[in-house]
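Participant: Structure for the following, please:
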Amino acid sequence: MAHEIAPFLYGRWPVLEALRAGVPMRKIVLAEGVVRSKGSIAELCTQAEAQGVTVQVVPRTELDRAVAANHQGVIAEIAPYQYASLETLVGDLHTEADPPPLLLMLDCLQDIQNFGSLLRTAEAVGVDGVIIPKRRSASVTPALYKTSAGAVQYLKIARVSNLTRTMTFLKEGGFWIAGLDAEGETEYGRVNLRGPLAIVVGAESQGLSRLVREQCDLRVRLPLRGRVASLNAAVAGSVILYEVWRQRQGT
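Facilitator: As a prediction, the model looks like this:
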């Protein structure tokens, strides 16, 4: 598996969610003055003790030097993030399963806020895995743990060298590929999204790249009645993911 260097995770809830998810940690560092007897810090310390993770207390200035962000007095030194291989991710899925497998593919999405928001939605609706390209794409960093509200810890994420070849591989394995496209031929609520499916969300500015668009089995759009030209990638992607969930619930 490929590694992404992410030595520090910061913030009270991201660190606590990482502990709950069993993310390997080398140690947790608290700033002097942080109250350890109540709230999220109390639970964090309890979880750390149960898992044998050392908790240290140091001057806040040391945390400030380590992380140039709002760390809330908490930093965790974690092992580098390990991406899943595409073969492992897909190999664990069965197209005849009920409900059928659902994947999220991101075509050069670069904004970390959008990436985190989409992962949060993906985890909420039960996405089985996320696929991103190795180049021109946001990756898993400590900031993503925070923007995804911890969802990154519960999802399998694979990085691939070529997104279009990956789409071909998925189609040969029984998946349909649905691209979210402002110029798509079908409105999202009028297409059957119940089978084995990979949803593709494009980049913030350009949407789906040409080659990715051409590889999609269908391109779906969101209807717009207002004056704005489009929704951002995280909002649009979340809408289509919830439509998949709605259809599969039979509502």
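
Participant: any idea how far Val130 is from Pro80?
Facilitator: Going from Pro80 to Val130 by Cβ to Cβ, to the nearest Å gives 18 Å. Heads up, the C-betas are built off the backbone N, CA and C, glycines and all.

Participant: ok, these two, which is more surrounded?
Facilitator: Ranked by neighbour count (other Cβ atoms under 10 Å), Pro80 and Val130 place Val130 first, with 25 against 14.

Participant: Tell me who's in contact with that one.
Facilitator: By Cβ atoms under 8 Å, 6 or more residues apart in numbering, the residues touching Val130 are Leu103, Leu104, Met105, Leu106, Leu119, Ala122, Leu155, Lys156, Ile157, Ala158.

Participant: which one of the residues you listed sits closest to Gln47?
Facilitator: Of all the contacts of Val130, Leu155 has the smallest distance to Gln47: 20.5 Å, by Cβ to Cβ.

Participant: shouldn't the closest one be in contact with Val127?
Facilitator: Yes: contact criterion Cβ atoms under 8 Å: Leu155 and Val127 qualify, at 6.8 Å.

Participant: So between the two, which is more surrounded?
Facilitator: More crowded of Leu155 and Val127, by other Cβ under 10 Å: Val127, with 24 against 18.

Participant: what residues are up against that one?
Facilitator: Leu102, Leu103, Leu104, Leu155, Leu241.

Participant: quick one: contacts for the third one?
Facilitator: It stands for Leu104. Leu118, Ala122, Val127, Gly129, Val130, Ile131, Ala198, Ile199, Val201, Gly237, Leu241.
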